[in-house]
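> Turn this into a model:
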Amino acid sequence: METFWDDVDRHLVRYGGTFTREIIDSASGSFLFTEDGRRILDFTSGQMSAILGHSHPRIVETVQRQIANLDHLFSGMLSRPVVDLARRLSDTLPESLSKVQLLTTGAESNEAALRMAKLVTGKHEVVAFARSWHGMTAAAAAATYSAGRKGYGPATPGNFAIPAPSGDWQAQLDLAFDLIDAQSVGSLAACIVEPILSSGGILEPPPGYFAALSAKCRERGMLLIMDEAQTGLCRTGNWYAFERDGVVPDILTLSKTLGAGLPLAAVITSAEIEAEAYARNYLFFTTHVSDPLVAAVGNTVLDVLVEERLDERAAKLGAFLRNGLDDIAARHSLVSDVRGRGLLVGLEIADESLSAPITQKCLDLGLHMNIVQIPGMGGVFRIAPPLTASEEELALGLGILDEAIGSA
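Residues are numbered from 1 along each chain as shown. This next block holds a predicted model:
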């Protein structure tokens, strides 16, 4: 084992935070298994992606079959899995969202969405939440404010931040756009937002907010882009988190949950926007655009979501999880808030200095947790177990979390 960590120190680039000091050997369902035989309950679905749990037998079968038949093509060639997935995704969405481009990561899908919005509007300025996370590529990183802005030189010009809603959100939103208007050079192209800000601390804008935001965009000729990397495909108890608000974005991006742990993302927009983009020579030609292997996986993900009615399951399990977290909050003054929707829930720890010790104690007891450290907010545990988790597994995780907080 020491040789392994010596190799880590010598050869791996450290790309954010610290590496968990466990050697993960395998994973199945809701659990990870370490090389030395420990079992760890995964309360983050990998990187918030494995909504069907790890090594789901339907996903395993699809990968084995598809990779033996057709895995990758020249980017201008098409296959049935790609066209099938595009059609089926469109069928899950409002009628206006009918055009689909399949890519790899969330950053890439947001990059493509922003590129499309700029091309179609002929403008370049972008508005995002001050606690947003949209990715690490150029335009996506320029619209990311929760981390990673210092030390890399100038961001893409024309990016503005507005506060995540709190208190009198309508007055806050009005003031934010007054300031945007004062700073804009008259080239407002798009607003990109997460329906629930995940890296921002599981912040959920109140009902009515997105309708008001959409109106602000329409008044200025901006396109509204919704990034549902973590909230899309049943995690919140709806197929898409934007459904709660009755607001349909101009462009929707999906990633993480779409591939259930494999690299698959999508940009979805209207026929009108796609036609205008095409007329203006839209170019987003990448090595893995429209790859058949991951598209086949995406089709299987949709099969399982529909057949097992995982939207309803996420709502039911989310209520069970929320009740357990509310009980923990009632018994531990250290917990200052519980929030979120479905199986994307945040538990806020008031004392930031205790966040890391609680996280480590959870791991020692067999529970993997992720905590977002927010200046002035303490720390927020992002809890996103697989949609296939059982109540018994959620109860196990709640018990471990309760013990870890109690020992802080």
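
> C-alpha only now, for contacts and for neighbours.
Noted.

> in this structure, which spans are helices?
Using DSSP state H, the helices of the chain run over residues 2-11, 45-48, 57-69, 80-91, 106-121, 138-142, 169-183, 209-219, 271-279, 292-307, 310-331, 355-364, 391-406.

> quick one: which of those is nearest residue 26?
Of all the helices of the chain, helix 45-48 sits nearest to residue 26, with 12.2 Å by Cα to Cα.

> centroid residue for this protein?
Centroid-nearest residue in the chain, with Cα atoms, centre = their mean: residue 230, separated by 2.5 Å.

> Please determine how far it is located from residue 49.
7 Å (Cα to Cα, to the nearest Å).

> Name the residues contacting each of these two.
Residues within reach of residue 230 and of residue 49 at once, by Cα atoms under 8 Å, 6 or more residues apart in numbering, are 256, 257.

> got the contact list for residue 143?
Applying Cα under 8 Å, 6+ apart, the residues contacting residue 143 are 126, 127, 128, 132, 133, 134, 159, 160, 161, 192.

> What segments of the stretch 151-300 of the chain are strands?
159-162, 188-193, 223-227, 251-254, 265-269 (DSSP state E, counting those that start in this stretch).

> CA-only coordinates of the lowest-mean-pLDDT helix or strand in the chain in PDB, if you can.
One helix or strand of the chain scores below all others by mean pLDDT, DSSP states H and E: strand 370-374, with a mean of 81. Below are the C-alpha coordinates for strand 370-374, written out as PDB (Å, rounded to 0.1, in the frame of the first residue of the first chain):
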ATOM      1  CA  ASN A 370     -18.700  15.400   0.200                       C
ATOM      2  CA  ILE A 371     -18.700  18.700   1.900                       C
ATOM      3  CA  VAL A 372     -18.700  22.100   0.200                       C
ATOM      4  CA  GLN A 373     -16.900  24.800   2.200                       C
ATOM      5  CA  ILE A 374     -18.600  28.200   1.700                       C
END
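
> and the angle for it with helix 355-364?
180 degrees (axes from the mean of the first three to the mean of the last three Cα atoms, to 10 degrees).

> Which strands border strand 370-374, and is each parallel or antiparallel?
strand 378-383 (antiparallel) (DSSP bridges).

> buried ones in the partner strand?
Buried positions in strand 378-383, judged by neighbour count with 16 or more other Cα atoms under 10 Å: 378, 379, 380, 381, 382, 383.

> what would those residues look like in CSV with distance to residue 263 and pLDDT?
Shown next, in CSV, are the buried residues of strand 378-383 (distance: Cα to Cα, whole Å; pLDDT from 0 to 100):
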residue, distance to residue 263, pLDDT
378, 32, 64
379, 29, 90
380, 26, 94
381, 25, 96
382, 21, 96
383, 21, 98
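
> export these to CSV and tack on distance to residue 336?
Below are those laid out as CSV (distance: Cα to Cα, whole Å):
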residue, distance to residue 336
378, 9
379, 10
380, 10
381, 12
382, 14
383, 16
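
> got the contact list for stretch 152-164?
So stretch 152-164 is contacted by 124-131, 138-139, 141-143, 145, 172-173, 176-177, 180, 184, 203, 205 (Cα under 8 Å, 6+ apart).

> Repeat that for stretch 305-318.
Counting by Cα under 8 Å, 6+ apart, 233-239, 304, 341-344, 387-388, 390-391 sit against stretch 305-318.

> same check, this time on stretch 71-84
Here stretch 71-84 has contacts from 102, 285-293, 295-296, 299, using Cα under 8 Å, 6+ apart.

> Among those residues, pick out the one closest to residue 407, please.
residue 299 (44.4 Å).

> I'd like to know how many residues surround the closest one.
For residue 299, the neighbour count with other Cα atoms under 10 Å is 22.

> give me every residue that touches the closest residue to it other than its chain neighbours.
In space, residue 299 comes closest to residue 85 once its chain neighbours are excluded; the distance is 5.6 Å by Cα to Cα, 6 or more residues apart in numbering. The contact partners of residue 85, by Cα under 8 Å, 6+ apart, come to 295, 296, 298, 299.

> can you do 10 Å?
By Cα atoms under 10 Å, 6 or more residues apart in numbering, the residues touching residue 85 are 91, 100, 102, 292, 295, 296, 297, 298, 299, 300, 302.

> Just confirm residue 31 contacts residue 396, I think it does.
No. Using Cα atoms under 10 Å as the test, residue 31 is too far from residue 396 to be in contact (11.6 Å).

> Find residues that contact each of the two.
By Cα under 10 Å, 6+ apart, the residues touching both residue 31 and residue 396 are 41, 366, 367.

> How about the second one, nearest residue that isn't a chain neighbour?
The reference is to residue 366. Using Cα to Cα, 6+ apart, the closest residue to residue 366 is residue 40 (4.4 Å).
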